[in-house]
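Trainee: Let me see the structure of the following:
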Amino acid sequence: MYKNIDILEKSRLSLNEKVGIISNYVTEHIFSQGLELYQLTLNTFHSILESKDIKTVLIEDNIYEGDNEWFNQSYSLLLSELKNMNINIIVISTVDRIIPEELKSYSKIIIDYNLTTTSISDNSISIPIVVNEKEINPVNNTGNIDIIYFTEGHFSFPTELEEYHKKFKPIIKKSEPAMITREVIKRLIQSIKHSKLFFVKDNGNLDATLLSFLEINATLQNTLTFIDTPKKLEKSHSIKVENYQVTSDLVRAFLNNKIFLNKIILKKTRDVLINNSYIFFENIIKLITNDFVEVKKKANISVIITTKRKENLKALFTDLNKQQHVNIEVILLTHGYELNRKELIELKSLSQFNLKVLSEKESTSFGNCLNKCVDYINYDYVIKMDDDDFYFSTFLIDLYLGIRYSSASIVGKNAFFFYLENNNLVGQRRMDFQFKDVREVKGNTILCKSSTMKKYKFSDIPRHVDSDFIIRIREDGGRIYSIHPYDMCVYRASDKLGHTYQVNDSRFLKDAYVLYYGTPNQTISTE
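Mentor: As a prediction, the model looks like this:
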């Protein structure tokens, strides 16, 4: 343990510290969250260090970007100058590189694309690739391009893909730089955001960490990656290309079947947001010290529910018990009735979370019932849910991730699935309104900061409390953001009197697509 602490001390960095850096874009991006970085130029590094009063310099052991001033340059003079200035040197390398002899004696931080947490050994700290989710995320992924092809040099299509292109004419874009540069990487990431599929052909020359960084960036933007590479990327989120006929078939299947593509990519996006973004790590300092400070990759969410139907509670609590990657507390208010002692004991024994049960008389408005629940919120984020809808196991975590990367005032679902009991069918509506700002979201999916809900509260009205709440926040300049429609299904009973939104089923069907007949199933789950 002493040696590990010693390594941390040698690699000392403090939050928002001014740090000099010589690196490729990937490394700069990873270390920029929590540090004030200054790229040191070849001829003026001395003046930058003095003017910014820099005490620590990060030096990457291999510069592969052709437009970087340090490309193919020696560090000998730099190291000598830094030593004379008593500057702390930290070498940044990757898991598959051999560190040059002149850099071996310094403290080292190793970027390891196989990791999801930090690992500290006797002489180095190894960290995962972690991307700034505020910059790289699914917001406004247009999907205007079907496939982006990327390789260093000329991309020669295999016969199977060439035939697919000629027959089905997908919208494609090719990125074929003569060499890898910082500008190429940045432009490529911007282009990926507008693509459904990202295809990488590595002839063996691409840096493995760059490959992993690109696939993580693509996944964070809801773009599915195919990689043809001789390298072994153990924790890859891509589809490994081994047979081009299979690959061609899969490309066609994904582009023809949006649900099939969504169910593959959304699960990968969630995994990357949890393990390869700063949502749970917060900043590079906490990431580096993760071996000693446990990072709990779970969101704390308060759930408020008002209900007039006690018969729905067991099914609702079963859905809540299954929620993944979250710690929840539930504030339940029975509206117009009280649970007896036996019912309370049964409900509390069923719940695998902290439960607070309240009650109000029937004459109390729906808005004031919700406000009473709000008074008991303990966590920093809160969601309003209904008692009769279907919720799958990743419903809550995806909404939480959405509000963290989008920084919106409210996150929910505008596009959604619904079940009509009278017709025994599942349909979908508003499918174009995903991963973008919207005017409103479904009331049973409203997630926001608890401070927001405590500030605005709900109006003292019997109906339309959700719309009123959203409108007031929007009028104050707040953003409303819609994630994907999966993992939740609105339930519409044959008897409409039990619904707050009392309209005929035709209002759901008029602009809907009927997905299938039968009750909600795994088709609308991303797990």
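
Trainee: give me every residue that touches the residue lying closest to residue 170 once chain neighbours are set aside.
Mentor: Nearest non-adjacent residue to residue 170, counting by Cβ to Cβ, 6 or more residues apart in numbering: residue 146, 3.8 Å away. Bear in mind the C-beta positions are built from the backbone N, C-alpha and C, glycine included. Applying Cβ atoms under 8 Å, 6 or more residues apart in numbering, one finds that residue 146 lies in contact with 170-172, 195-197, 255.

Trainee: Can you select the buried ones among those for me in PyMOL?
Mentor: Per 16 or more other Cβ atoms under 10 Å, the buried members of these correspond to this PyMOL selection:
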select buried, resi 170+172+195+196+197+255
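
Trainee: now the contacts of residue 146 as CSV including secondary structure?
Mentor: Compiled in CSV, the contacts of residue 146 are given as follows (DSSP: H, G, I helix; E, B strand; the rest coil):
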residue, secondary structure
170, coil
171, coil
172, strand
195, strand
196, strand
197, strand
255, helix
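
Trainee: From the contacts of residue 146, pick the one nearest residue 15.
Mentor: For the contacts of residue 146, the residue nearest residue 15 by Cβ to Cβ is residue 195; the value is 35.5 Å.

Trainee: Distance-wise, check the closest one relative to residue 248.
Mentor: Distance, residue 195 to residue 248, by Cβ to Cβ, to the nearest Å: 17 Å.

Trainee: follow-up on the earlier one: pLDDT score for the residue nearest to residue 170?
Mentor: The predicted structure scores residue 146 at 98 on the pLDDT scale.

Trainee: now swap in residue 454 and tell me
Mentor: 98.

Trainee: Name the nearest residue to it, ignoring sequence neighbours.
Mentor: Nearest residue to residue 454 in three dimensions, chain neighbours excluded: residue 374, at 6.0 Å (Cβ to Cβ, 6+ apart).

Trainee: Quick one: low-confidence residue ranges for the protein.
Mentor: Low-confidence segments of the chain (pLDDT under 70): 1-11, 122, 291-294, 495-503.

Trainee: For it, list the residue farthest from the centre, please.
Mentor: No residue in the chain sits farther from the centre than residue 84, which is 43.8 Å out by Cα atoms, centre = their mean.

Trainee: List the contacts of that residue.
Mentor: Going by Cβ under 8 Å, 6+ apart, the list of residues near residue 84 is empty.

Trainee: Can you give me the distance of it to residue 392?
Mentor: 61 Å.

Trainee: residues touching residue 94, list them.
Mentor: With Cβ under 8 Å, 6+ apart, residue 94 has these contacts: 62, 110-113, 207-209.

Trainee: could I get those residues as JSON lines with neighbour count, distance to residue 25 and secondary structure?
Mentor: Formatted as JSON lines, those follow (neighbours: other Cβ atoms under 10 Å; distance: Cβ to Cβ, whole Å; DSSP: H, G, I helix; E, B strand; the rest coil):
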{"residue": "62", "neighbour count": "16", "distance to residue 25": "13", "secondary structure": "coil"}
{"residue": "110", "neighbour count": "19", "distance to residue 25": "18", "secondary structure": "strand"}
{"residue": "111", "neighbour count": "24", "distance to residue 25": "13", "secondary structure": "strand"}
{"residue": "112", "neighbour count": "20", "distance to residue 25": "18", "secondary structure": "coil"}
{"residue": "113", "neighbour count": "23", "distance to residue 25": "15", "secondary structure": "coil"}
{"residue": "207", "neighbour count": "19", "distance to residue 25": "11", "secondary structure": "coil"}
{"residue": "208", "neighbour count": "17", "distance to residue 25": "15", "secondary structure": "helix"}
{"residue": "209", "neighbour count": "24", "distance to residue 25": "11", "secondary structure": "helix"}
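
Trainee: In three-state terms, label the closest residue to residue 204 other than its chain neighbours for me.
Mentor: Nearest non-adjacent residue to residue 204, counting by Cβ to Cβ, 6+ apart: residue 230, 5.3 Å away. Three-state assignment for residue 230 (three-state DSSP): coil.

Trainee: wait, doesn't residue 230 sit right on residue 202?
Mentor: Yes. Under the criterion of Cβ atoms under 8 Å, residue 230 makes contact with residue 202 at 7.2 Å.

Trainee: more crowded one of the two?
Mentor: For residue 230 versus residue 202, neighbours defined as other Cβ atoms under 10 Å are more numerous around residue 202 (19 against 7).

Trainee: What about the closest residue to that one other than its chain neighbours, how many residues nearby?
Mentor: Once flanking residues are discounted, residue 202 sits nearest to residue 229: 3.7 Å by Cβ to Cβ, 6+ apart. Number of residues near residue 229 (other Cβ under 10 Å) recorded here: 18.

Trainee: what's residue 229 in contact with, if anything?
Mentor: Neighbour list for residue 229: 200, 202, 204, 206, 211 [criterion: Cβ under 8 Å, 6+ apart].

Trainee: What of residue 157?
Mentor: 149, 165.

Trainee: now do 10 Å
Mentor: With contacts defined as Cβ atoms under 10 Å, 6 or more residues apart in numbering, residue 157 is in contact with 149, 163-165, 172, 174, 199, 201, 244.

Trainee: Same check on residue 162?
Mentor: With Cβ under 10 Å, 6+ apart, residue 162 has these contacts: 156, 244, 248.

Trainee: want to throw those residues into a markdown table with neighbour count?
Mentor: Formatted as a markdown table, the contacts of residue 162 follow (neighbours: other Cβ atoms under 10 Å):
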| residue | neighbour count |
| --- | --- |
| 156 | 10 |
| 244 | 16 |
| 248 | 18 |
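
Trainee: Let me have those residues in CSV, extended by distance to residue 450 and secondary structure.
Mentor: Formatted as CSV, the contacts of residue 162 follow (distance: Cβ to Cβ, whole Å; DSSP: H, G, I helix; E, B strand; the rest coil):
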residue, distance to residue 450, secondary structure
156, 55, coil
244, 52, helix
248, 49, helix
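
Trainee: need the helices for the stretch 251-400 of the chain, in chain order.
Mentor: 258-275, 278-281, 284-288, 313-321, 341-350, 366-374, 395-406 (DSSP state H, counting those that start in this stretch).

Trainee: So what touches the shortest one?
Mentor: Outside helix 278-281, the residues within contact range by Cβ under 10 Å, 6+ apart are 30, 33-34, 117-118, 127-128, 130-134, 273-275, 284, 286-288, 290, 295-299, 325, 400-401, 404-405.

Trainee: make it 6 Å
Mentor: The contact list for helix 278-281, computed with Cβ atoms under 6 Å, 6 or more residues apart in numbering, reads 33, 130, 132-133, 287, 295, 297, 404.

Trainee: Mark which of the residues you listed are buried, thanks.
Mentor: Judged by 16+ other Cβ under 10 Å, buried ones among the contacts of helix 278-281: 33, 130, 133, 287, 295, 404.

Trainee: what about the last one, distance to residue 132?
Mentor: In this structure, residue 404 and residue 132 are separated by 12 Å, where distance is defined by Cβ to Cβ.
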